[in-house]
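Student: What shape does this take:
(one chain, ligands or ions: 1)
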Amino acid sequence: MDEQDLESLVRGVLRDLLSRDEPSDGLAPRGASPGVAPAPDRGGPTPDQSEDDPAGLGAADLYADDPQPLPGLAVPADPEGLARLRAATTARIGVGRAGPRLPHRAWLRFRADHAAAMDAVFTDVSPEIIAAAGLTPVQSAAPDKAAFLMDPDLGRAFDAATAALIKQSCRSGAQVQVVVCDGLSSTAVENNVPDLLPALLQGLERHRLSVGTPLFVKYGRVRIMDEVTGLLDPEVTLNLIGERPGLVTNASLSCYLTYRGRPGMAESGRTVLSNIYRDGTPPAEAGAYIADLSLKLIQTKASGLDLKL
Ligand code: B12
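Tutor: Alright, predicted model coming up:
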């Protein structure tokens with residue numbers, strides 16, 4: 001038997017196993033459930049790529065949508081209760097089991113979601129997206145991704161040369177300074193910033209607020225916004241940063257805001273809008289909301305716990 005025969009035999013057996021798995025399948029699509037993120041947000045293949053995957057073993061198949069949600073268990077004791085629970089949460093409940101283990105497709109979906117989360121952390125934001133968004137790229141004191149992940153403080157500082165460059169080449173004293181950071185999810189930046197930033201800038205313009213040079217900080221953590229504030233002295237600083245990805249979404253962005261922040265400030269001085277992604281607060285809506293929030297910070301001269309919304 002040559003390699004090709006062997007491969008087709010293995011694929012045939014897997015296909016057979018998958019179809020037998022169907023009734024107790026943990027991947028029963030949850031239709032309108034907000035938690036089911038289709039492949040594109042996870043960087044996986046889009047459904048039409050399944051043509052290239054005749055055995056039906058790819059991620060496109062794992063994320064296939066179904067308008068009629070199926071129960072996750074073969075014979076649930078309370079199907080309606082289970083359906084209500086599944087519609088109310090993005091958690092993996094009622095996934096069923098195959099003996100002592102997860103059903104085959106639930107296991108594959110877990111692996112796919114986990115891989116997408118890993119990719120979100122370990123890949124870099126594409127330079128084309130940074131350029132298209134009109135962001136000026138700089139880098140934190142972290143020399144590479146490994147150092148950034150192992151030593152969080154490196155992502156909260158600039159080296160002297162970068163600090164000098166920011167001070168020289170960026171507008172200082174604006175009312176609002178926008179900072180975008182990869183943080184822990186480049187996917188979050190790539191998926192949300194292209195829609196969020198134009199809505200945000202438009203909103204700030206509508207409020208007649210002046211805006212500093214928007215920056216992209218590679219290997220940036222939340223607190224790096226305070227360094228930017230120290231260098232450019234804006235009233236409000238916004239940090240749009242990729243959140244730590246999980247198994248529900250790998251593409252969620254947060255916006256941290258400070259009024260007159262400064263290096264070393266307390267965390268309680270920060271306001272945060274989290275879960276910006278397609279199934280949370282959609283990016284264009286978030287952009288408009290953050291513009292309104294920026295105005296509020298300026299009017300009340302407060303952020304974090306001092307801000308009364
Ligand atoms: C990881 C995490 C934490 C970690 C942060 C440590 C770390 N470096 O990983 C720990 C466990 C310390 C934490 C604590 C808290 N967290 Co928290 N956290 C998260 C989580 C899961 C991811 C944040 C992230 O990825 N940041 C990006 C990375 C790159 O940032 P970083 O620079 O490495 O770390 C900074 C931020 O994570 C930030 N941070 C984390 N949580 C919070 C909460 C607030 C209010 C602020 C201002 C900052 C902040 O502090 C870190 C140090 O500067 C989010 C969930 C989400 N969907 O965003 C919740 C989340 C941001 N946290 C939340 C809350 C409520 C808290 C606490 C107030 C809980 C408490 N009652 O004590 C504290 C406050 C911490 C603080 N800094 O003041 C809420 C905020 C709700 C809101 N909109 O106000 C979120 C959205 C979770 C939720 N859905 O409820 N958190």
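
Student: And the strands in the stretch 151-300 of the chain?
Tutor: Ranges of strands in the stretch 151-300 of the chain, per DSSP state E, counting those that start in this stretch, are 176-181, 215-218, 236-242, 253-259, 271-276.

Student: Kindly report the domain assignment for this protein.
Tutor: Per the record, the chain has its domains at 3-122, 127-306, by automatic domain parsing.

Student: In terms of mean pLDDT, which of those ranks lowest?
Tutor: Note on the domains of the chain: domain 3-122 shows the lowest mean pLDDT, a mean of 65.

Student: end to end, how far does that one reach?
Tutor: One end of domain 3-122 to the other measures 33 Å (CA to CA, to the nearest Å).

Student: Need the strands of the stretch 151-300 of the chain in CSV (columns: distance to the ligand).
Tutor: Where C-beta positions appear, they are placed from N, C-alpha and C, glycine not excepted. Putting those into CSV (distance: least, CB to the nearest ligand atom, whole Å) gives the following:
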stretch, distance to the ligand
strand 176-181, 7
strand 215-218, 11
strand 236-242, 5
strand 253-259, 5
strand 271-276, 4
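
Student: And stretch 120-135, what's buried?
Tutor: A120, V121, V125, I129, I130, A133, L135 (16 or more other CB atoms under 10 Å).

Student: element containing the fourth one, please.
Tutor: Using DSSP states H and E, the element containing I129 is helix 127-132.

Student: who does that helix touch, helix- and strand-wise?
Tutor: helix 186-206 (3 or more CB pairs under 8 Å, 6 or more residues apart in numbering; DSSP states H and E).

Student: what about the helix it packs on, near the ligand?
Tutor: No - Helix 186-206 stays clear of the ligand (CB under 6 Å from any ligand atom), getting no nearer than 9.2 Å.

Student: what's the angle from that helix to strand 271-276?
Tutor: Helix 186-206 and strand 271-276 are oriented at 130 degrees to each other (axes from the mean of the first three to the mean of the last three CA atoms, to 10 degrees).

Student: Show me which residues of helix 186-206 are buried.
Tutor: Applying 16+ other CB under 10 Å to helix 186-206 flags 186-193, 195-197, 199-201, 203-204 as buried.

Student: What is it packed up against?
Tutor: Looks like helix 186-206 contacts helix 104-122, helix 127-132, strand 176-181, strand 236-242, strand 253-259, strand 271-276, helix 283-300 (3+ CB pairs under 8 Å, 6+ apart).
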